[in-house]
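S.K.: Build me a structure from this.
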Amino acid sequence: MVELAQKHQDQLKRLKKSVERSWNYFQPNYERFNRIKRFAFFSALTTNDLSALEEIGQPQIECNLLEAFLSRQRGEFSKQEPSISVSPADENSTDQLSIIQTKIVEGYFRHLEDQARKDGLATTAYLNTLGGGFHVFKVWTDYVNEMSFDQNIRWGNAIDPCLCGFDPDAVLPHKGDGRYCFEIFPKTEEEAEEMGIDVSLVKFSRSIGQFNWSYKNDETKHFLICDFYEKKKKDVKIVQIAESELTKRMGLKKNITKDQYKELEEKWRSFGVIDQLPAIVNERMTEKTTIVRYRFIENKVLEYVETNFSDFPLIFVDGNSVLIKDDNSGSVQQVTRPAIYNAIGTQKLVNVAMQTLGNELENTMQHKLIVAEESISEQYADALTNYQVPRVIVYKAYLEKEGVEPGTIPLPPPREVVRAPIPPEITGTIQMGFQMLQNILGSYDASLGINNNQLSGVAIVEGATQSNAAAMPYVNSYIQGLNRVAQVVVNLLPKYIKTQRTLPVMMADGKRDYIKINGDDGISLDYEDNELLVKVDAGPNYAIQKSKTLNQIVALAGAMPSFNEFANSSQMLPVILKLLDIPYAEEMYSEVKAFIEQKKEQQKEQQLINAQTAHAKNLVDLDKHQTERVRAAVDMAIKAADMSHRHNKDMHDIHERRETREQERREHI
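M.R.: Sure thing, here's the model as predicted:
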């Protein structure tokens with residue numbers, strides 16, 4: 001292993017002191033994290049509790065009600081999808097390249113988040129905040145494979161949140177505003193030899209305050225390796241260059257460092273550009289932050305690396321902590337609180353009541369009859385001891401004893417043993433404990449909706465929604481941590497993904513694709529830190545909320561005819577499918593667009609057919625109309641001819657009658 005410069009070895013004492021300070025500050029939270037997770041997920045009875053119960057002879061009973069609450073919240077969280085959006089830091093930016101970059105970066109982080117969710121990292125993180133009070137995310141880079149020079153950016157969970165520490169002076173929830181953070185890895189002596197670390201001078205009993213750098217466990221020697229990340233700030237001069245069509249065409253940034261401007265000045269003529277170098281219109285000093293990493297053990301600094309990170313790779317995920325001021329010292333302490341923090345006492349009370357009830361049941365008397373010894377007849381004694389067999393119980397009514405006159409001294413008959421009832425306070429405490437736990441956790445019983453022995457579905461939905469609302473502070477904290485992870489990843493992209501390659505992306509509608517980046521035919525991902533901003537919001541699609549939304553749509557469709565027409569349209573079909581919580585819903589959603597496009601094509605074809613049919617019908621109607629006109633004209637001509645014929649015939653008849661009368665008149669004369 002290469003020896004480091006002495007100036008880095010000289011930092012060991014300061015680094016260890018920083019680790020000690022952070023560890024001592026946060027140690028109560030570490031202990032609470034492990035204690036309450038053990039209480040909820042393993043056993044609520046400590047070793048002392050088990051010994052005490054054994055000593056007083058009570059059963060070792062516990063009634064774990066907390067894990068069911070945590071598992072329910074975890075299951076509901078697994079159905080939530082965060083909403084991710086990336087935008088330029090400059091709200092007034094109209095640069096088309098920047099807008100395209102935002103969509104690619106947004107799709108890439110959505111792909112990373114989806115992969116992490118499938119690997120169970122999201123639910124593990126959420127469970128740690130619910131059950132332990134906090135969690136730690138980690139961002140790192142790794143080669144694509146063992147033979148590749150390209151690196152991928154990855155994020156996930158730290159190995160153990162209780163082996164991570166942050167600057168106690170950090171204020172923001174993710175603690176990214178602190179001066180340092182660290183992660184500790186326990187290693188065995190054999191693992192140290194494989195890593196080339198000489199731990200011969202390590203004393204496996206030494207400790208700093210309450211923090212042990214080395215220890216023995218079952219005769220196995222362990223030591224701790226610490227990755228310590230620290231901010232280094234450097235004053236840099238930045239300049240603003242004049243914008244022109246040339247600078248836009250060349251893709252030159254408006255704001256660059258003075259060193260970058262000098263490099264541009266040296267290379268300007270090599271570009272073959274006749275125009276003058278863009279002039280500096282403004283300049284100022286700024287502070288650039290880089291992250292350095294020290295890797296050290298108890299007695300030696302092993303590595304010093306100046307990373308490409310501008311933000312800490314460790315992100316603290318707060319559950320629902322509060323800042324408490326100490327009355328004596330006046331110091332402020334951050335107290336991390338799991339979701340079940342205030343329910344611990346009630347759970348212990350229920351356990352005690354259950355143990356007392358179990359003890360009462362164990363010590364219940366099994367005797368059924370009380371009988372005087374003198375009343376027992378030897379001939380019928382078996383009927384008294386084996387009373388389960390149906391037969392007559394015979395006893396002696398009078399004392400039979402020498403010197404006693406028979407029939408003078410009556411004996412008590414056998415009688416039933418009256419058992420003492422179990423104290424109602426025990427069962428009352430158990431029932432009260434169940435109700436108190438629901439109130440403390442904000443988890444409402446669906447049976448509250450029962451009315452006349454009928455379970456109200458609306459009451460179940462409303463109760464579940466309120467239960468979700470009680471856990472929303474932990475969901476919001478998770479989203480805040482995820483938002484910080486996204487910003488760290490976005491700032492790393494142009495530093496590690498520089499070569500021409502394809503980048504996997506996932507669109508908002510769930511469609512996956514590969515986008516070419518960098519190179520001549522790819523989109524450039526060259527941008528500065530914090531030039532693109534990420535916003536992650538909690539998705540609205542809890543299963544219970546989806547069901548509620550679907551029911552409201554159905555109700556509105558039934559009440560409003562116009563909305564019913566809209567709800568049954570092809571535009572609403574993808575939305576309806578997103579609200580369905582049924583098998584193969586995702587597959588159906590992925591196919592619905594093709595179905596809609598097919599329906600549109602069919603509608604276009606049908607419209608074309610309808611248009612052709614209408615045109616043909618119009619032609620037929622026109623021909624029919626013309627035929628009708630011809631027929632009408634012919635009919636009119638025939639009618640006119642008939643009319644003329646009748647008129648001529650009438651005139652002929654009139655003349656003929658007139659001539660006949662005239663002839664008759666002449667003959668008469």
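S.K.: How many neighbouring residues does residue 440 have?
M.R.: Close neighbours of residue 440, defined as other C-beta atoms under 10 Å, add up to 19. Where C-beta positions appear, they are placed from N, C-alpha and C, glycine not excepted.
S.K.: what residues are up against it?
M.R.: In this structure, residue 440 makes contact with 342, 343, 346, judged by C-beta atoms under 8 Å, 6 or more residues apart in numbering.
S.K.: Look up the closest residue to residue 502, ignoring the ones flanking it.
M.R.: residue 514 (4.3 Å; C-beta to C-beta, 6 or more residues apart in numbering).
S.K.: just the buried members of the contacts of residue 440?
M.R.: Buried members of the contacts of residue 440, scored by 16 or more other C-beta atoms under 10 Å, are 343, 346.
S.K.: got TSV for the contacts of residue 440, with distance to residue 38 too?
M.R.: As requested, the contacts of residue 440 are exported to TSV (distance: C-beta to C-beta, whole Å):
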residue	distance to residue 38
342	18
343	15
346	18
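S.K.: The contacts of residue 440 in helices, which ones?
M.R.: Using DSSP state H, the subset of those located in helices is residue 346.
S.K.: Now residue 262: which helix or strand?
M.R.: helix 258-267 (DSSP states H and E).
S.K.: max-length helix in this protein?
M.R.: Longest among the helix segments of the chain by residue count, using DSSP H, is helix 585-668.
S.K.: Report the mean per-residue pLDDT for it.
M.R.: Helix 585-668 comes out with an average pLDDT of 80.
S.K.: For that helix, name the packing helices and strands.
M.R.: helix 573-579 (3 or more C-beta pairs under 8 Å, 6 or more residues apart in numbering; DSSP states H and E).
S.K.: Mind giving me the packing neighbours of the helix it packs on?
M.R.: When contacts are defined as 3+ C-beta pairs under 8 Å, 6+ apart, helix 573-579 packs onto helix 543-559, helix 585-668.
S.K.: highest average neighbour count across the ones you listed?
M.R.: The highest mean neighbour count among the helices and strands packed on helix 573-579, using mean count of other C-beta atoms under 10 Å, belongs to helix 543-559: a mean of 15.
S.K.: Quick one: mean pLDDT for the next helix or strand after that helix?
M.R.: Downstream of helix 543-559, the next assigned helix or strand under DSSP H and E is helix 561-567. Here helix 561-567 scores 78 as its mean pLDDT.
S.K.: Tell me the buried residues in helix 561-567?
M.R.: Neighbour counts over helix 561-567 (16+ other C-beta under 10 Å) mark residue 567 as buried.
S.K.: can you check stretch 167-183 too?
M.R.: For stretch 167-183, burial by neighbour count (16+ other C-beta under 10 Å) applies to 167, 168, 170, 173, 174, 175, 176, 178, 180, 181, 182, 183.
S.K.: first vs last residue of it, how far apart are they?
M.R.: 12 Å (C-alpha to C-alpha, to the nearest Å).
S.K.: All the strands of the stretch 151-300 of the chain, residue numbers only.
M.R.: Counting by DSSP state E, counting those that start in this stretch, the stretch 151-300 of the chain has strands at residues 151-157, 164-166, 180-188, 207-208, 211-212, 214-217, 220-241, 255-257, 280-297, 300-306.
S.K.: So what would you say the end-to-end distance of stretch 117-136 is?
M.R.: Start-to-end span of stretch 117-136 (C-alpha to C-alpha) is 16 Å.
S.K.: Alpha carbons of stretch 291-311, as PDB, please.
M.R.: Below are the C-alpha coordinates for stretch 291-311, written out as PDB (Å, rounded to 0.1, in the frame of the first residue of the first chain):
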ATOM      1  CA  ILE A 291     -15.500  16.500  -1.200                       C
ATOM      2  CA  VAL A 292     -12.300  14.800  -0.100                       C
ATOM      3  CA  ARG A 293     -12.300  11.300   1.500                       C
ATOM      4  CA  TYR A 294      -9.900  10.100   4.200                       C
ATOM      5  CA  ARG A 295      -9.800   6.400   4.900                       C
ATOM      6  CA  PHE A 296      -8.200   5.500   8.200                       C
ATOM      7  CA  ILE A 297      -8.000   3.100  11.000                       C
ATOM      8  CA  GLU A 298      -7.100   3.700  14.700                       C
ATOM      9  CA  ASN A 299      -3.400   4.500  14.100                       C
ATOM     10  CA  LYS A 300      -3.000   5.300  10.500                       C
ATOM     11  CA  VAL A 301      -4.500   7.200   7.500                       C
ATOM     12  CA  LEU A 302      -4.700   4.700   4.600                       C
ATOM     13  CA  GLU A 303      -6.000   6.900   1.800                       C
ATOM     14  CA  TYR A 304      -6.600  10.400   0.800                       C
ATOM     15  CA  VAL A 305      -8.800  11.000  -2.300                       C
ATOM     16  CA  GLU A 306     -10.200  14.200  -3.900                       C
ATOM     17  CA  THR A 307     -13.500  13.000  -5.200                       C
ATOM     18  CA  ASN A 308     -15.700  14.400  -8.000                       C
ATOM     19  CA  PHE A 309     -18.600  14.800  -5.500                       C
ATOM     20  CA  SER A 310     -19.800  18.300  -4.700                       C
ATOM     21  CA  ASP A 311     -22.200  17.000  -2.100                       C
END
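S.K.: quick one: it to chain centroid distance?
M.R.: 33 Å (C-alpha atoms, centre = their mean, to the nearest Å).
S.K.: domains of the chain?
M.R.: 181-305, 366-418, 582-669 (automatic domain parsing).
S.K.: Distance from the second one to the middle of the chain?
M.R.: On the basis of C-alpha atoms, centre = their mean, the separation between the geometric centre of domain 366-418 and that of its chain is 73 Å.
S.K.: measure that domain end to end?
M.R.: End-to-end distance for domain 366-418, by C-alpha to C-alpha: 11 Å.
S.K.: mean confidence for that domain?
M.R.: Domain 366-418 carries an average pLDDT of 81.
S.K.: Report the buried residues of stretch 368-379.
M.R.: Neighbour-count burial for stretch 368-379 flags 371, 375, 376 (criterion: 16+ other C-beta under 10 Å).
S.K.: Contact partners for the first one?
M.R.: Remark: with contacts taken as C-beta under 8 Å, 6+ apart, residue 371 is in contact with 384, 395, 412, 413, 414, 415.
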